[in-house]
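Asks: 3D, please:
(4 chains)
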There are 4 protein chains.
Amino acid sequence: MATTTVIECSPPVSQQDIEEILRTFSYSKHIVRNGKHFIIGNGKISRKELPFIHDSFTLKYVDSPFPLCSQEFQAKKSVVKVRDIEIGNGSPVIIAGPCSVESREQILTISTNLAAAGCHILRGGAFKPRTSPYSFQGLGHDGLKLLAEAREMSGLPFVTEVLTPVDVELVAGYADMLQIGARNMQNFALLREVGRTKKPVLLKRAPWADVVTWLQAAEYILAEGNFEVVLCERGIAATQASSGRHLDLAAVHKVQNLSHLPMIVDPSHGTGDRRLVGPMALASLEAGCDGLMLEVHHQPETSLSDKEQAISLEDYDGMLKKIKLLNSQMFVDPIKA
Amino acid sequence: MATTTVIECSPPVSQQDIEEILRTFSYSKHIVRNGKHFIIGNGKISRKELPFIHDSFTLKYVDSPFPLCSQEFQAKKSVVKVRDIEIGNGSPVIIAGPCSVESREQILTISTNLAAAGCHILRGGAFKPRTSPYSFQGLGHDGLKLLAEAREMSGLPFVTEVLTPVDVELVAGYADMLQIGARNMQNFALLREVGRTKKPVLLKRAPWADVVTWLQAAEYILAEGNFEVVLCERGIAATQASSGRHLDLAAVHKVQNLSHLPMIVDPSHGTGDRRLVGPMALASLEAGCDGLMLEVHHQPETSLSDKEQAISLEDYDGMLKKIKLLNSQMFVDPIKA
Amino acid sequence: MATTTVIECSPPVSQQDIEEILRTFSYSKHIVRNGKHFIIGNGKISRKELPFIHDSFTLKYVDSPFPLCSQEFQAKKSVVKVRDIEIGNGSPVIIAGPCSVESREQILTISTNLAAAGCHILRGGAFKPRTSPYSFQGLGHDGLKLLAEAREMSGLPFVTEVLTPVDVELVAGYADMLQIGARNMQNFALLREVGRTKKPVLLKRAPWADVVTWLQAAEYILAEGNFEVVLCERGIAATQASSGRHLDLAAVHKVQNLSHLPMIVDPSHGTGDRRLVGPMALASLEAGCDGLMLEVHHQPETSLSDKEQAISLEDYDGMLKKIKLLNSQMFVDPIKA
Amino acid sequence: MATTTVIECSPPVSQQDIEEILRTFSYSKHIVRNGKHFIIGNGKISRKELPFIHDSFTLKYVDSPFPLCSQEFQAKKSVVKVRDIEIGNGSPVIIAGPCSVESREQILTISTNLAAAGCHILRGGAFKPRTSPYSFQGLGHDGLKLLAEAREMSGLPFVTEVLTPVDVELVAGYADMLQIGARNMQNFALLREVGRTKKPVLLKRAPWADVVTWLQAAEYILAEGNFEVVLCERGIAATQASSGRHLDLAAVHKVQNLSHLPMIVDPSHGTGDRRLVGPMALASLEAGCDGLMLEVHHQPETSLSDKEQAISLEDYDGMLKKIKLLNSQMFVDPIKA
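Replies: Next comes the predicted model:
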């Protein structure tokens, strides 16, 4: 693993300077973030070899396969803001909602109930990745409009999945946070495209990816200048002996050791079984993750997708009571009522 | 899967009758339990084909690869008694203690502290299965004596592992419950030997075994006449992507659907990481298992085995408080103080 | 699993009629292939319920999660043509070449040597999916031009990967076959886009996908009207116990039982270890697959990507000799010299 | 991983000296092999700390979790002799026969046919480990007698499984090689017991064990003084995505890098599918293993156990022809005809 050199430029250099650096040293990337330039090179470059760079610039040498995501680059934990909601500030965040937006009535019912019960961010799929081409593929643009209406009524910001680069602009026009699904964790064109927006991104882990590969996928987003990334564990592949899926909670500590990015857990996909959603939600928070993503439906049995893992509003309520019991001080502010 | 015929004989037939049945029908097993005879045959045998059997005998036809363990054979959930402690009666049972008995001081310190904090059964290894022949192999017979002394002082019955058939009589002479470890789940000679005792047996799941194979291993014990079997999930093999082990909580529901045997969960081996023991202990009880098995050490960092997964007595105390918080009514009686 | 009704319309109905069928019966798809319309519906619809359809229309009821890919829909094995090369005709096809096109010299050297040694189709990456954003990402459009030049010189048609929908038109303008990589197996927008071309598609299996999920991904391509799909097994995730990857040769028979699509095996990615490429290439052909995909480099140790698994031209030659030894009659025609 | 010190004593010291060394330095083991004493200690002990040891003694410092099995201890590859057959001498050895001895006719038919076709060692189970207590458990002692008769008639030495320590003396009285099955890989009492015999041992790999854990199991046998151990890969656990089992051929190279012990492959259990036995047998030999273990039955469809994976005598013949084709020089001597 080669050392990477990251140049943090403050005040910013001119575009011309950057291009000269890139030309001279064949650096692999240069990105812009908050008016600061970062140029990432393979190998350790000394300040002497960079005579033209400003004295105030900081040079960081990072030994990591995901330099910008690494603890070496940034020791302080990142806090990602989705409107007013902070993810990673020590108080767990709950993202909840249906798998898919199915109708106006459905999404408004669920979102207002969630807001009343206590919830930070609404989730709901408008563009749905489905294993079969003949399954319900989501309401698309109409779904985005309904989510916006639900946000209006419930006061909850929303996160929704974007499936392909050409849709990023459209989805980012509505959503408060862009979700990259597990199947797209290594859809690099899509990662780059959301990396070029200013929207927070929720990056799900692919079921076969180890933590390092996952963080390298996140690096694609940061390398384009978007540092507002939240990781989401959602269950990995299991062996033939297993009775279900493998929700990898040990990854919570692994990510915390390696990266400054916040990480939440989705026990709905992570277990695929509504009877285990509550137990694993509690375990995830006890393990120290920064929040949960939950599939909740007002009539789970009629859900058009992920029927087996959606919990009812009543179960959501019961789960929240237990969460508050264990984390008494934590939920005073962010969750209403 | 062939149908199995099980004959429940009450009042018992003579040994001679049984041998005639076996001779005539090439039945594969006959077992004695509580003065009742069970004869298990492959295939569905009608009463007409058994003219000599008593009218009061019951014939059961079971379609299961593990007939005696199955729900079809016995719909009512089994309750296994370890001295006064009932496992499977709806109130979760906590088994706790060190990986190995290391010294008199160690086991007495831990057991009296556990009894004070609240605990039902003490665990501790005297005969230790170790991956390397050069690792500490346990105190053997001396360890059994120390466990008996700890029982005397703490009032806690104890479970300890037996490794090989020739040791069963010795270990059963001391222990209140015999543990079959994960490595020995298919040590069939050992399963048969503990099946011939009257002692309750704790059968751990092998890391590569699915639930059906595990129940078939339990069937070896029941087929010898010992129905006092408690299953213990302790983590199965995971994929290369995983950050640790895979504690298969979905197996709790699978076992409950298939079998009448009680099932507990060992989050210490199941995670191999003390930071996850508490979270997964809560999740296991929330998932509805019948109890926990926990590695607790008064000085985890000096433990001679399983150092990474043993929790301290302080952590045990904290975990118990959370468990009681979530299961207020459950722990009034069985756990002291 | 619901039955699917497929209506094969010959002669074609009018667009208006099709829309009426789709509207009336909530049919999910209609595609045109070889001048025939196929209308795909969920559920079993009898001819009586479709009074307006032509007598010459065929109704097929398919019980499969991937109706168009299934044996029920088409019992006869498909043969996919890549220029003059037939994949699936009983004689195995060898696709070989470097992981990435690195330079003009490199691709011309390798391709002419492969053609001389015996090879059917050239492989080489122009757009490379890479785990790290700082790794070599391929030569892009320039790589396509070099592949076209290599085809000119060697006479070998070529397959190359396309990463994102917007590039499909460009890549299809050069390549004889489009590859969908393992990471993109469920990049549904991409699958649909290549489904709308007339180019043959090589669909790699994702490392966590079972055969059914893989065939459902192929169904996305067929459902757009492109039936020219070849499946490629390339190794799936393994457990922590494993010493490497798991090349799933049992999938060859599973696919042959379930689908009419041809299937090849890539032992280079499938093992990740050049010492196992030859052994597993032989095993794959012995298992009855329709061909191989191999990474070959004239100087494997200098390869810019997948260094560990590329074999040398000498090793390729040796492997081919063994293949011919075992399949004496098979390689007379398609492989030169 | 601590360094291990191995003292090789030649000429042998007195038992008294050995006990003093063990007492003084907390050495964990002393074994006798070929008239030499080996004393094994944890930690690096210098010659100065051992003033009383003879100048001619050799001190070896081994950094390995399985010191006696390691390449550091013995660089030269071990050759294990089963009567006249050498395993590990560069020429692959074929062990073949039925899963279980079922009848006199069966085992004599199969063994004489195998000898005629070409085979080195006969396999056949007398004591069978079976997942269900109601399955055929083998003919036991009678099976051993039939195997001895088959050896007499065919001229083939035989290997058969021993299940429990108490049977070792009986089985060793008949068999030329003792097999430890996958389920018993960590049955440490059994490993020690076969370690105390002089018989060659075939140690199968457990389906969840990595190579290091497997070699540590072998170390139990060597640590008792029996160095005649052959490892046998037989397939490890696979993921839910897999279509079958995972035969880990990469383990061949891993073992060769780590250990001096010979290693063979069992593609019958390793695939569980007779259609893959031939392909994977070829691949195993091409990967460089020291031999094969194959399930062959004269009437596979009537086999009492492992019906799906046994190949017929005809298929065995065909497979052998292909093996000879690829390894022309190898099979001249050891395989007859």
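
Asks: Check the stretch 1-150 of chain A for the residue nearest chain D and tell me.
Replies: For the stretch 1-150 of chain A, the residue positioned closest to chain D under Cβ to the nearest Cβ is residue A:131, at a distance of 13.2 Å. In short, each C-beta sits where N, CA and C put it, glycine included.

Asks: Check the contact between that residue and residue C:213; I expect there is one.
Replies: Yes: with contact defined as Cβ atoms under 8 Å, residue A:131 and residue C:213 form a contacting pair (5.9 Å).

Asks: Now do the shared contacts for those two.
Replies: With contacts defined as Cβ atoms under 8 Å, 6 or more residues apart in numbering or on different chains, the residues adjacent to both residue A:131 and residue C:213 are residue C:186.

Asks: re the thing from before, where does the residue of the stretch 1-150 of chain A closest to chain D sit: helix, strand or coil?
Replies: Under DSSP: H, G, I helix; E, B strand; the rest coil, residue A:131 falls in the coil class.

Asks: nearest residue to it other than its sequence neighbours?
Replies: What sits nearest to residue A:131 in space, not counting adjacent residues and going by Cβ to Cβ, 6 or more residues apart in numbering or on different chains, is residue C:216, at 5.0 Å.

Asks: count of residues packed around that neighbour?
Replies: As a burial measure, residue C:216 scores 23 neighbours (other Cβ atoms under 10 Å in any protein chain shown).

Asks: Can you give me the buried ones in the helix or strand encompassing it?
Replies: Using DSSP states H and E, residue C:216 maps to helix C:211-222. Taking 16 or more other Cβ atoms under 10 Å in any protein chain shown as the basis for neighbour counts, the residues of helix C:211-222 that come out buried are C:211, C:213, C:214, C:215, C:216, C:217, C:218, C:219, C:220, C:221, C:222.

Asks: again with stretch A:114-123
Replies: Neighbour counts over stretch A:114-123 (16+ other Cβ under 10 Å) mark A:114, A:115, A:117, A:118, A:119, A:120, A:121, A:122, A:123 as buried.

Asks: Go ahead and confirm the last one touches residue A:156.
Replies: I take that to be residue A:123. No: counting by Cβ under 8 Å, residue A:123 does not reach residue A:156; the two are 9.5 Å apart.

Asks: follow-up on the earlier one: the buried residues of stretch A:114-123 into a markdown table, with extra columns for pLDDT?
Replies: Output for those, formatted as a markdown table (pLDDT from 0 to 100):
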| residue | pLDDT |
| --- | --- |
| A:114 | 97 |
| A:115 | 96 |
| A:117 | 95 |
| A:118 | 95 |
| A:119 | 96 |
| A:120 | 97 |
| A:121 | 98 |
| A:122 | 98 |
| A:123 | 98 |
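
Asks: Stretch A:33-50 and chain C, are they touching?
Replies: Yes: applying Cβ under 8 Å from any Cβ of the partner chain, one finds stretch A:33-50 touching chain C at A:40, A:42.

Asks: Please save the CA atoms from that stretch in PDB.
Replies: These are the backbone C-alpha positions of stretch A:33-50, laid out as PDB (Å, rounded to 0.1, in the frame of the first residue of the first chain):
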ATOM      1  CA  ARG A  33     -14.000  20.800  -1.100                       C
ATOM      2  CA  ASN A  34     -15.300  23.900   0.700                       C
ATOM      3  CA  GLY A  35     -13.000  26.100  -1.300                       C
ATOM      4  CA  LYS A  36     -10.000  24.000  -0.400                       C
ATOM      5  CA  HIS A  37      -8.100  22.100  -2.900                       C
ATOM      6  CA  PHE A  38      -6.900  18.600  -2.200                       C
ATOM      7  CA  ILE A  39      -4.500  16.900  -4.500                       C
ATOM      8  CA  ILE A  40      -4.000  13.200  -3.900                       C
ATOM      9  CA  GLY A  41      -0.900  11.600  -5.300                       C
ATOM     10  CA  ASN A  42       0.400   8.100  -5.100                       C
ATOM     11  CA  GLY A  43       3.700   8.200  -3.200                       C
ATOM     12  CA  LYS A  44       5.200  10.500  -0.600                       C
ATOM     13  CA  ILE A  45       6.100  13.900  -2.100                       C
ATOM     14  CA  SER A  46       8.200  16.300   0.100                       C
ATOM     15  CA  ARG A  47       7.500  20.000   0.300                       C
ATOM     16  CA  LYS A  48      10.900  20.600  -1.400                       C
ATOM     17  CA  GLU A  49       9.600  18.900  -4.500                       C
ATOM     18  CA  LEU A  50       6.600  21.300  -4.500                       C
END
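
Asks: and that stretch, what's its mean pLDDT?
Replies: The pLDDT scores in stretch A:33-50 average 82.

Asks: Show me the contact partners of it.
Replies: The set of residues that contact stretch A:33-50 without belonging to it, under Cβ under 8 Å, 6+ apart, is A:2-10, A:12-13, A:18, A:21-22, A:25-32, A:53, A:59, A:61, A:67-68, A:223, A:225-227, C:134.

Asks: repeat that for 7 Å
Replies: Applying Cβ atoms under 7 Å, 6 or more residues apart in numbering or on different chains, the contact partners of stretch A:33-50 are A:2-10, A:12-13, A:18, A:21, A:25, A:27-31, A:59, A:61, A:67, A:223, A:225, A:227, C:134.

Asks: Please identify which of the buried residues of stretch A:114-123 is nearest to residue D:163.
Replies: residue A:123 (54.1 Å; Cβ to Cβ).

Asks: How many residues are close by the nearest residue to the closest one once chain neighbours are set aside?
Replies: Take residue A:123 and drop its neighbours on the chain: the residue closest to it by Cβ to Cβ, 6+ apart is residue A:97, 3.9 Å away. Neighbours of residue A:97 under the rule other Cβ under 10 Å: 29.

Asks: Show me what residue A:97 bridges to in the sheet.
Replies: residue A:295 (DSSP bridges).

Asks: contacting residues for it?
Replies: Taking Cβ under 7 Å, 6+ apart, we find residue A:97 in contact with A:110, A:111, A:114, A:122, A:123, A:124, A:296.

Asks: Pull out the buried positions in stretch A:162-176.
Replies: A:162, A:163, A:164, A:165, A:167, A:168, A:171, A:172, A:174, A:175, A:176.

Asks: Which of these sits closest to chain B?
Replies: Taking Cβ to the nearest Cβ as the measure, residue A:163 is the one of the buried residues of stretch A:162-176 closest to chain B, at 23.1 Å.

Asks: ok, the closest one touching residue A:128?
Replies: No: between residue A:163 and residue A:128 there is no contact, the gap being 8.2 Å when judged by Cβ atoms under 7 Å.

Asks: So, low pLDDT: which residues of chain A?
Replies: Scanning chain A with the threshold set as pLDDT under 70 gives A:1, A:52, A:328-337.

Asks: Could you list everything the spatially most central residue of it pairs with in the sheet?
Replies: Nearest residue to the geometric centre of chain A (Cα atoms, centre = their mean): residue A:202, 1.7 Å. Assessed by DSSP bridges, residue A:202 has beta-bridge partners residue A:179, residue A:230.

Asks: Up against chain D, what does the stretch 151-300 of chain A have?
Replies: By Cβ under 7 Å from any Cβ of the partner chain, the part of the stretch 151-300 of chain A that sits against chain D consists of A:237, A:238, A:239, A:240, A:241, A:242.
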